[in-house]
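Participant: need a 3D model of the following:
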Amino acid sequence: MAVGGAGLPGLALAAPYQAVRQMLDAAVEGGDVPGLVALIGRGGDVWTHVAGVRDLDSGAPMRRDTQFAVASIGKPITAVAALMLVEDGVIGLDDPVDPWLPELADRQVLRSIDSELDDTVPAERPITLRDLLSMRMGLGFILADPATTPLAARMNALQLAPGPHLFGKDADTYMARLGSLPLAHQPGARWSYHTGLDVAGVLVQRASAMRLGDFKRRRMFGPLGMADTGFSGQTERLATQYWRDPETGNFDVWNSAAGDSFAAPPPFEAGGGGHVSTVDDFLAFGRFLLDGGRAGGRQLLSAELVAEMLTDQITEAQKAASPWFPADFWQTHGWGLGVALRTAPDTARGRFGWWGGFGTAFWCDPASDTVAVLFTQRMMAGADDTALPEAFLAAAFGET
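Facilitator: Numbers count the residues shown, from 1 in each chain. Predicted coordinates:
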């Protein structure tokens, strides 16, 4: 039973869901976010809430079927696409990616993170698909002191640095530029955020001889009923993306829904951060994972590969060598294949999902058979920007 803007059946008067609605409305009324769509699916029951506007200038109201730029919560979608190739026997998780990504063959690795780009040693082994999906390919978001190392500066110059700006040229150009760089770390040695999932998307495209979006529509979006997910959306349904000016506190447009960012197919379909979607499509995706790769009476991905996807791939030593935000991230999280995993506290262990830098959150809880999705269109700019989704998730999973 789907219930729009109401409590879960049997729980309509339960305080947690009344409180969720009040909390979300307060965030909009208080100017924290222009608008939002929230969904909690527990088993076959669904609770949704819609508040605010999708565009401040026009005042167009937010709707349940509003399409959002979902940023990094698209990473597990790309991971599933790659794992479907594993199931097909096209590539093994621990096979080198060189046959499809020759630009990454025979890598050189920086002697240290702040070395000059020609101060390198040979890679000890090839990059594998598991390296891409676990984000241990040796290249990604660079956290270093000083922040502007030669490699970071070069990635910025080539438009390859992870961030809100999507790469503006085609996949072959992306790989050619990436192949011109040394790795920051040996393959498999450390976790480095983001880049591996964009590269995995290129691998899927080349190995399938299809555009990434076409492969996903045929193998995933169609069977799961995710008709509103892809790399571009419908202008009349897209939420305008905003960022908050730190000096004025005002919302400024980052990407207009009528602009050139998500309203038309992009030259590079970025598997790590380029999707648009709706809360209901992410409910379908979450249910698919909670059901062990099964949907609509079909096994779309083996339960064994789903289980591997949801297994922590990062060793304690690698976590210690791979700083992330917040500083205690690795004390409560791990990383599987394309998705974060909760490892603590015990009440949260086993949950999986991620956050999107454009203001989206998607998490699933196997223990309570719950999918929780919160989409806003305010870009994250600091640690306090997770307060609203964290409060929402706590309520969704019965922690408040």
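
Participant: where do the strands of the stretch 51-200 of the chain begin and end?
Facilitator: With DSSP state E, counting those that start in this stretch, the ranges of strands along the stretch 51-200 of the chain come out as 68-69, 108-110, 120-122.

Participant: JSON lines for those, including mean pLDDT?
Facilitator: Output for the strands of the stretch 51-200 of the chain, formatted as JSON lines (pLDDT from 0 to 100):
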{"stretch": "strand 68-69", "mean pLDDT": "96"}
{"stretch": "strand 108-110", "mean pLDDT": "98"}
{"stretch": "strand 120-122", "mean pLDDT": "98"}
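
Participant: got a markdown table for those, with mean neighbour count and distance to residue 44 too?
Facilitator: C-beta here means a position set from N, CA and C on the backbone, and glycine is covered the same way. Shown next, in a markdown table, are these (neighbours: other Cβ atoms under 10 Å; distance: least, Cβ to Cβ, whole Å):
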| stretch | mean neighbour count | distance to residue 44 |
| --- | --- | --- |
| strand 68-69 | 30 | 24 |
| strand 108-110 | 19 | 50 |
| strand 120-122 | 12 | 54 |
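
Participant: wait, which of those is closest to residue 84?
Facilitator: Closest to residue 84 of the strands of the stretch 51-200 of the chain, according to Cβ to Cβ: strand 68-69, at 24.2 Å.

Participant: and the strands of the stretch 51-200 of the chain: which comes nearest residue 245?
Facilitator: strand 68-69 (19.3 Å).

Participant: residue 250: which of the strands of the stretch 51-200 of the chain is closest?
Facilitator: strand 68-69 (20.2 Å).

Participant: so what strands line up beside that closest one?
Facilitator: strand 276-277 (antiparallel) (DSSP bridges).

Participant: from residue 39, how far out is residue 119?
Facilitator: Distance, residue 119 to residue 39, using Cβ to Cβ, to the nearest Å: 50 Å.

Participant: neighbour count winner among the two?
Facilitator: Each of residue 119 and residue 39 has its neighbours counted (other Cβ atoms under 10 Å); residue 39 has more, 25 against 13.

Participant: so what's the residue count around the closest residue to that one other than its chain neighbours?
Facilitator: Nearest residue to residue 39, sequence neighbours excluded (Cβ to Cβ, 6 or more residues apart in numbering): residue 279, at 4.1 Å. Residues lying near residue 279 (other Cβ under 10 Å) number 29.

Participant: now do residue 332
Facilitator: By other Cβ under 10 Å, the residues close to residue 332 number 15.

Participant: dump the residue contacts of it.
Facilitator: Contact analysis of residue 332 by Cβ atoms under 8 Å, 6 or more residues apart in numbering lists 342-345, 348.

Participant: buried subset of those, written for ChimeraX?
Facilitator: Restricted to buried positions by 16 or more other Cβ atoms under 10 Å, the ChimeraX selection for those reads:
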select :342,343,348
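
Participant: out of the contacts of residue 332, which are inside strands?
Facilitator: In strands, defined here by DSSP state E, the members of the contacts of residue 332 are residue 342.

Participant: which residue ranges of the protein form helices?
Facilitator: Counting by DSSP state H, the chain has helices at residues 15-29, 75-88, 129-133, 150-157, 171-179, 195-208, 212-216, 222-224, 279-290, 303-309, 316-320, 329-332, 387-396.

Participant: output these as TSV; include the columns distance to residue 108.
Facilitator: Below are the helices of the chain laid out as TSV (distance: least, Cβ to Cβ, whole Å):
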stretch	distance to residue 108
helix 15-29	48
helix 75-88	25
helix 129-133	16
helix 150-157	11
helix 171-179	11
helix 195-208	16
helix 212-216	28
helix 222-224	41
helix 279-290	37
helix 303-309	30
helix 316-320	21
helix 329-332	28
helix 387-396	40
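
Participant: burial measure for the residue nearest to residue 175 when sequence neighbours are not counted, as a count.
Facilitator: Counting by Cβ to Cβ, 6+ apart, residue 103 is the residue found nearest to residue 175 once chain neighbours are left out, at 4.4 Å. Applying other Cβ under 10 Å, we find 19 residues neighbouring residue 103.

Participant: dump the residue contacts of residue 103.
Facilitator: Residue 103 touches 175-176, 178-179, counting by Cβ under 8 Å, 6+ apart.

Participant: so which of the strands of the stretch 51-200 of the chain comes closest to residue 309?
Facilitator: strand 68-69 (23.6 Å).

Participant: that closest one: how far from the chain's middle?
Facilitator: 12 Å (Cα atoms, centre = their mean, to the nearest Å).

Participant: before we move on, what about stretch 284-294?
Facilitator: Centroid separation for stretch 284-294 versus its chain: 16 Å, with Cα atoms, centre = their mean.
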